[in-house]
Each structure stands twice: as C-alpha cells, then as structure tokens.
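Enquirer: Mind looking at a prediction? Sequence and model below.
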Amino acid sequence: MTSPPIYDVLVVGAGLAGMRAALSAHQQGVSVAILTKVHPIRSHSNAAQGGINAALTDREDKWEDHAFETVKGSDYLADQDGVEVLSQEAGQDIITLEHMGVIFNRNEEGHLGTRRFGGQKKARTFFVSDFTGQAMLHVLYEQLMQANLPVYEEWFVTSLVKDDQGHCAGLVAFEIRTGRFSLFRAKTVIMASGGLGRVYEPSTNALICTGDGMALAYRAGAPLMDMEMVQYHPTTLKGKGLLITEAARGEGAYLLNKDGDRFMKHYAPTMLELASRDVVSRAEQIEINEGRGIKGCVLLDCRHLGRPFLQDRLGQIYAEAQTFASIDLAEEPLPIRPGMHYQMGGIKTDTEGRCWDTTGTWKGLPGLFAAGETACVSLHGGNRLGANSLLDTIVFGRRAGHCAAEYARTIPLPSISEHLMENDQQFVASLLARQGPGERAAAIRLEMGRTMNRYVSVFREQEGLETARQQIQELKARWPAITIQDKGQVFNTGMIAVLELSFMLDCAEAIIEGALTRTESRGAHFRTDYLDRDDEDWLKHILLYHQPGKIPDAGFLPVHITQWQPQIRVY
Amino acid sequence: MQTTLRVRRYNPDNPEPKPFFEDYHLELDPSDSVLDGLIKVRETLDDSLALRCSCRGAICGSCGMRINGHAALACKTKVVSVAPLGGTIEVEPMNNMPVIKDLVTDMGPFWEKIRQVQPWLRPAEPAPVTEFVAPPESMRHLEGVMSCIMCGVCVSDCTVLEVDKRFIGPAALAKAYRFVADPRDIATSIRLETLNQPTGMWDCTRCMECIQVCPKGVGPMDRIMALRSMAMAEKMPDTCGSRHAEVFTDIIKHKGILDEPMLAIRTFGLKHIGRLLDMLPMVIQSLFKGKVPWSGPLHRPISSIQHIQRLFKRVRTKS
C-alpha cells in the first residue's frame, strides 16, 4: 500500500483533548490527522458525568478563587503557572463550547446554570444533566465532521519513531481491521490517548484505558511525572467499579456509615461530603477499615433529593443504580466505596503541551506534545478537583494543538526510512507465532490489577510497595510466555490485549517507583509510614525516565509557585 | 448458573469464510451482563472471539449486538433478563450492517448517514460575546436526544432498512431532530427540506422497533414524528407521507373509520399513479378473497360519528 501523507500534526487519541487539539491545529492552517484505537465517539471522555469548572467573571466569580482551590486541592503539588492558565482561560473555552453547540444547562433567565462540586466553595461547575463529557464529546465530533479532518479510526500505535537527531518524527501503527502496518511520518505528534485505569482492578475506567500513550512516550524517552498520584474516586459501585458522579454530592447527597452517621463531619467539618476527593476517599476507607462500613462499602444517600429531581438532574446515575446495583436511589441508599479513577501524573509537559523543556531543565522528546489525562502539566498535582479534568482537556488540548501547529511551521519535513516499522511488524508477527497453551494475558492483567489495588491504593507503605514492585517484576517476566489463540490479521483483539498489557505493566512499574520514592503523604499519595506532608523535602515533582530492563531513573523538578504558598490543608 | 452463549461467528481470515454458531458453556452469576459473559469467554476460553466493548456502563455505545433476536447493548443486558433459569442465549452481530468479524460490524455506512444530516450546529453569526441565551426547558428537552450514544442498535433492528438500504434511518433522523429543535440553530427550514426528500423522514413505517430497543430512551421514532409535524407546520412541499397523514386524519374525521381504497387513491393521486397501479395485483388478490372494503360514498360513516368529531374539536382547541 502507499504510505499515508506526511502530517504537520498527528494526534493520537480522539477523546476531548485529542479532538480539541486537532481542531485547534487545523484552525492554524496546518495539515492534521487523528489516529485512534476506537471510534472517537467511543472514547472515555464520555464517562465524565458531573461537569466542567470555570470562574465566569461576569457572575462575580474570580479565576483566582478557582485557581487557589485547584492548588489547595492538589495539596500544593500543582504547578501554579499551569493552574493560572487553566482558570484564566476556562471561561472563554466554555463559551466557545457553547457556541459549538453543547447544550449546557440553563438557569431561569436562559443563561448558563451551575452546580456545586467538591473542593470548591462556589458553584462554578457547568453541566449537561449528568452526562457532560458525552455531551461535549459528541459536539466536538460534530465539529470534526464539519472540518472534515482525516481520522484513522481503529488504528493501534505500536511505537513512536525518531529521526537521527532524536526528534519525534511520527509513529508506527497497524489498522485493527486488517492488521496492516503503516509508518506515519509527522512533524509533531500530540499524545492525547487518555488514562491508565485498567492497570488497576477494579477501576471506574473503560476497558480501553490502558496507558498506551504514557508507555509509548516513556519508552521513547519522555519522562513520566508524579505517577504515584492515582486518584481514588469516593463513589464507585462495588463489583466492576462503575462511577457514581460527584454531582450527586454536589446536588446534596449524604455519605453515611452503617450507623447512619454523616461521618464526613469528623473529617472535614466545613466542606463535609464536598471536601477534596482524596480526603473523602480516605475518610470512607477509614470508616470501612474500622468496621463502620457495610460489606466493604459506605452509603450514598440521595433519598431526600426526591425522585423528580434525581431523574432530571442525575438521570444517568439514577438509571445506572437501577441497572447495575438494582437500587432505586429515591428509595434506598446506595452502597459505594472508593475506587481507582484518575491518573494525576503522566507525560510531563509545559503549559504549551510540549513534552520537552525548551530551557533544558528536564529532558524529553522534541516534537512530542501531550494533553489530557495522559499529560501532566501539572495542573492536578496530588489530587484533582472534580470537573477540572474536562476543563484540562479543553484548555490544554487547544493549547497543545496551537503550539504544535506553530512549531511544525518552523521545522523541515521528517526524514525517516520506511524500514523503521519492520521491527514492530516482526515483533507482532513473533507474538502471533508463539505456539502452545502458554500464559493468558487476562490472567496476568488481573493479577497486576489486584496487586495495584491492594498495595498502591488509598493507603500505602514501604513493605507493601516493595511487594508490589516484586510482583510486577514477576508478571513482566511472565509476559513473554503469553500465547494468543487467534492467529489471524482481522480484528485480532487477543493480540491487542497482549500489547496493551505490556503498556500497562510499564505504567504500573512507574506508579510503584513514584510511590516508593515519595516518602511523605501528599494528596492521593498517603503513606502510613510517613504520615505528614513534608514541604521541606518533597515540595517537588518526581520525573521517571525509562531504562529498558531496569528500574527507571528518577529526577526531580521544583514545584512552580506563583502566588499561593503552601498552607495547612483543611476542609 | 450454567449458561450457554451461542455466538454467531464469522472470520474472513478463514479459508472458506462462512458464518456459523459456536456454543460456549460457562458459569455466570445472575448479576452478570451478557458482556461479562462474552469477556469471560474471550479471556478464559477463546481469545479469537471478536467484539467491541469499552465502558461496561452503557455510555460508550461499543457493544451493540443482537441478543436472542433483538439488538441491545451487551453491557446493559443482564443474563437473568434473557435467560432467567440459565440455558442458552443467542448472540449475533447487529443487523442492517456488514459484518467484519464475529460480533464486530462495519459502522461505516451508519456514520455516512449521520454525516448526511450535516450534524453540526449552524448558529446565527456573529456569535454573541457570551453564551447564546436559550430557554432552560429547550435545553432540557434536547438532553433526551443528546443521550443518544450512537450505538447503532436502532439501525440494526429498523424494519425499513431491512427492505430499503437507502432509508436514512432512525439514528440519523434523531440526530437531525437534535438540531432542528435547537433554538440556537438557524438552518431549521433547510434541514427540514432535506429530510422531507425521499429516503428521509417519511420512509419510517412507525413499527416502534427503534423505540423498543433503544438503550438510552431516546425514542428515535418519536423524534421522527416530531420532525414530520414540524415539516407539515412549516408547509413543506407535500409528500406521499405527509398526504397520507392528512388524508388519514380527514377520512377519520368524516367517517370515523378508515376508507382504505380512498386513502391510497388520495395519498398517491394522479402524480403517483404509477405507485397506485403497483398496488393493483394486491387489490385483485384481495378482491378474490373478499377483502376489499366498500369505498367512497358506499363507505358509510359510523353511527356515533359525532363523538369522533367532538374529539377532533377538543384536540384542536387544546393545541
């Protein structure tokens, strides 16, 4: 077959960040394409329920307040230059989305309506019922169809490629439908491939969230930052770990223990159920651990909100509770527990989405950009506020697209040879050629997920983390023994599962290394052997550089502080 | 409980690719979904079984397939709801679209039809500095149709598409309605005109299948009916479809009972005499079986016709 055209900007992933980045680059007049392993509409941005934050100044909200609460929520690990950009540009980006067609909820006067969300004193979360992410994703896809941008749907990336100067020059991918490999040449690549939730079992994340982008960038030389910061969402369903939106608490739902006590008053006397997620998840876990839970859960009580209100403002979770937990939210409290939800860390970028440092304080991969959950600006530091992730994708997707387009104009076309894809082709062929009943990818994945959920969860300590490191190493050693029954080329999902697993094992290793390195408690990273936040030694980011076959190299970066000095964090 | 998943399989990689059924026997929990079952098959018995799935929570729209003959999301279909006492569950790929492999269908034609309705907002320009002001109830109303996750389930079971591939289909029409009903969109008339064409909104036969199978309560057929009302209210050029609706109403109003021959004659008229003549064989067959009803002046109004007319009056004053 003929090679695909050379693109100025090639975006990997078609969730909110990816589509926003592509549209923004397209507006700059450069050539853009998106490559994604699922149809854009299937992306995990769909799952964001509650809303998107913005401080609109015309309604007496201040961006500084939003920024401060984000910084406080992050337990002071967020880089404040990035947070300032996030909260300053939020308002305009929400208006742009509205003009594109998002059907945001309105108040009586027909202006945008808001609801309250966790970690924030003011109601500044804009929303579409409780399917805000889906409503935004579909509108961005509408815009993508209108712009008629090329989308390589259901293509799977196997590696990033570099030219002789070590500049990112494109990637190797295969078409899932045919198994056919292609080398994609591009001046810049924007990684917008989402999170890594499936490293954990259970997780709120979709089955496609396998950390592909993080692992690909990591293997190609870009550092991963703050990987130990894994958010456990306070309200997930038992079993498969499906998400129940924070909007439930934002709209007034209570958390109760088995005695019917609203226990959050003991942990966060002012903000109660709407304290930061790390605080609420820890409180719940303590209640459960100390025997005040019910079968490993506490209760989310929505009864006083009334059926009409629930159906109107929280319709999706009302249906979800009925379908997946057989509970009528208007009649019964819902058993929930903390569950893995979001990776605050990721591919280190600056505020323009660049994965390399133009001033040379940290290394990276020139030509590579990242945005959304796969990236780490860092906006969320040790703990992300609810409704800041959608905002992150929109603001920093746009900025990454813009910067990549401008940068692409300044550099020559990549010159790389076609044989760069042969390695990957041969590797996949050798995977398929393995004979006999060997290991099953699913079994290894399950062990990995359970290990992570046991030792690298809400509470962590040295011994457990070392056990986890040991177990992940063992699983990595077993990976080459996996065999695939399906030897075909068409839609070989068995083979994809094996490749995804190898990405996830790299991500798991990075999470554990970060968690072992950070000997303090901050945000979502709570060490029972180091109970306090230690600003003197640990007000800094941990960068991990991939070392094939070895433990990653760790580096450190100071936290960028503009106007909010670290304070004691109480809610 | 012991369950058998009987899966319709197809692999183009096989030397002689032909669809066949394969039975997988496995132990499932009553709370499991059909998707849980299929994942279990894929992960423990046979990794060559191809299907799309992602969110597990009826949000992403990946896992549309036919389960015991009706399209559904596998993640939202509980095993107990389709096989309460265990037993066999038949799983097949969605209908009305080509199969790529096993349960994976080619959604290309589906998206092509979505594109046909120009599915993007066309707002007034220039845009205001802040948001468009819009009545809260209009946005809330649109939530119903924005809940559509584009899973293709309605298209799979659409009985019109089964006989006419050109029909634009329930998903695209529901998507079109989303813009027609958006107060910010200024292209309403153009959109309605396009949908008023053959293969558009008037080709739906109102079988209700799409309403029944939609996993998100979007009610595509209701949206199609709303589009029709809007087109008629906008005085779009009449079509056989809109005339059918008008003549139907008129006959009922005057006779209280349907005069089928007259309905056909007045709907098609001279303009579509060909389509009327196409019906002749059926008419002749019906004649022989004594099934052609009286028509025209011979078709008498029902005795309590004044009740019907009162109903019409009441509906008119209400609307």
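Expert: On my side now, so go ahead. Numbering: from 1, shown residues only, chains lettered A, B, ... in the order given.
Enquirer: got a list of contacts for stretch A:546-561?
Expert: A:76-82, A:218-219, A:221, A:223, A:225, A:348, A:361-362, A:381, A:506, A:509-510, A:513, A:517, A:539-545 (C-beta atoms under 8 Å, 6 or more residues apart in numbering or on different chains). All C-beta spots, glycine's among them, are computed from the backbone N, C-alpha and C.
Enquirer: now with 7 Å?
Expert: Stretch A:546-561 is contacted by residues A:76-77, A:79-81, A:218-219, A:223, A:361-362, A:510, A:513, A:517, A:539-545 when judged by C-beta atoms under 7 Å, 6 or more residues apart in numbering or on different chains.
Enquirer: where does the chain dip in pLDDT?
Expert: Just so you know, I chose chain A. Along chain A, the model assigns pLDDT under 70 to residues A:1.
Enquirer: my question was about chain B
Expert: Counting by pLDDT under 70, chain B contains low-confidence residues at B:319.
Enquirer: What residue spans form the domains of it?
Expert: Under the assignment automatic domain parsing, the domains of chain B span B:2-105, B:108-233, B:240-318.
Enquirer: Quick check, central residue of chain A?
Expert: A:Glu373 (3.0 Å; C-alpha atoms, centre = their mean).
Enquirer: Which of the three states applies to that one?
Expert: helix (DSSP: H, G, I helix; E, B strand; the rest coil).
Enquirer: do B:Met65 as well
Expert: At B:Met65 the chain is in strand, as set by three-state DSSP.
Enquirer: how far away is it from B:Leu45?
Expert: 18 Å (C-beta to C-beta, to the nearest Å).
Enquirer: what packs against whatever helix or strand B:Ala226 lives in?
Expert: For B:Ala226, the element it lies in under DSSP states H and E is helix B:220-233. Contacts defined by 3 or more C-beta pairs under 7 Å, 6 or more residues apart in numbering or on different chains; DSSP states H and E place helix B:220-233 against helix B:170-180, helix B:188-195, helix B:209-213, helix B:240-255.
Enquirer: export that helix as CSV, just CAs?
Expert: The C-alpha coordinates for helix B:220-233 follow below in CSV (Å, rounded to 0.1, in the frame of the first residue of the first chain):
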residue,chain,number,x,y,z
PRO,B,220,-36.0,7.8,17.7
MET,B,221,-39.4,7.2,16.2
ASP,B,222,-40.9,9.9,18.4
ARG,B,223,-38.3,12.3,17.1
ILE,B,224,-39.2,11.3,13.5
MET,B,225,-42.8,12.0,14.2
ALA,B,226,-41.9,15.4,15.7
LEU,B,227,-39.9,16.2,12.6
ARG,B,228,-42.9,15.3,10.4
SER,B,229,-45.2,17.6,12.4
MET,B,230,-42.7,20.4,12.1
ALA,B,231,-42.3,19.9,8.4
MET,B,232,-46.1,20.0,8.0
ALA,B,233,-46.4,23.0,10.2
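Enquirer: Can you give the distance of it from its chain's centre?
Expert: Centre-to-centre, helix B:220-233 and its host chain are 13 Å apart (C-alpha atoms, centre = their mean, to the nearest Å).
Enquirer: ok, now stretch A:310-321?
Expert: Computed by C-alpha atoms, centre = their mean, the chain-centroid distance of stretch A:310-321 equals 24 Å.
Enquirer: Which residues does that stretch contact?
Expert: With C-beta under 7 Å, 6+ apart as the criterion, stretch A:310-321 contacts A:49, A:129-131, A:242, A:244-245, A:247-248, A:251, A:302, A:327, A:329-330, A:334, B:57.
Enquirer: Buried residues, it. List them.
Expert: The neighbour-count check on stretch A:310-321 (16 or more other C-beta atoms under 10 Å in any protein chain shown) flags A:Leu310, A:Arg313, A:Leu314, A:Gly315, A:Gln316, A:Ile317, A:Tyr318, A:Ala319, A:Glu320, A:Ala321 as buried.
Enquirer: same thing with stretch A:348-366?
Expert: A:348-357, A:362-366.
Enquirer: ok, which of the residues you listed also contact chain B?
Expert: Near chain B, judged by C-beta under 7 Å from any C-beta of the partner chain, there are no entries from those.
Enquirer: So which of those residues sit within strands?
Expert: Of those, the ones assigned to strands by DSSP state E are A:Lys348.
Enquirer: out of the buried residues of stretch A:348-366, which one sits closest to A:Ala123?
Expert: Of all the buried residues of stretch A:348-366, A:Ala123 sits closest to A:Thr351, with 27.2 Å by C-beta to C-beta.
Enquirer: gap between the two ends of stretch B:296-308?
Expert: The first and last residues of stretch B:296-308 sit 19 Å apart, counting by C-alpha to C-alpha, to the nearest Å.
Enquirer: list the buried ones in it?
Expert: Those would be B:His299, B:Ile305, B:Ile308, for stretch B:296-308 by 16+ other C-beta under 10 Å.
Enquirer: For B:Lys255, see how far away the second one is.
Expert: As defined by C-beta to C-beta, B:Ile305 lies at a distance of 7 Å from B:Lys255.
Enquirer: Then A:Ile103?
Expert: 44 Å.
Enquirer: Comparing these two, which residue is more hemmed in?
Expert: Taking other C-beta atoms under 10 Å in any protein chain shown, A:Ile103 and B:Lys255 do not tie; A:Ile103 has more neighbours (25 against 16).
Enquirer: quick one, what contacts the more buried one?
Expert: A:Val128, A:Ala135, B:Met139, B:Leu142, B:Glu143, B:Met146.
Enquirer: 10 Å instead?
Expert: A:Ile103 is in contact with A:128-129, A:135-136, A:138-139, B:121, B:134, B:138-143, B:145-146, B:178, B:182, B:184, counting by C-beta atoms under 10 Å, 6 or more residues apart in numbering or on different chains.
Enquirer: Equivalent analysis for A:Arg527, please.
Expert: A:228, A:459-462, A:464-465, A:515-516, A:518-521.
Enquirer: B:Arg122 is in contact with A:His99, correct?
Expert: No. Counting by C-beta atoms under 10 Å, A:His99 stays clear of B:Arg122, with 11.3 Å between them.
Enquirer: Mind listing the shared neighbours of those two?
Expert: By C-beta under 10 Å, 6+ apart, the residues touching both A:His99 and B:Arg122 are B:Arg184.
Enquirer: Tell me the one of the contacts of stretch A:310-321 nearest A:Thr270?
Expert: A:Glu251 (18.6 Å).
Enquirer: what about that closest one, how many neighbours?
Expert: Neighbour tally, A:Glu251, other C-beta under 10 Å: 19.
Enquirer: how close does it sit to chain B?
Expert: Note on A:Glu251: its distance to chain B, by C-beta to the nearest C-beta, to the nearest Å, is 15 Å.
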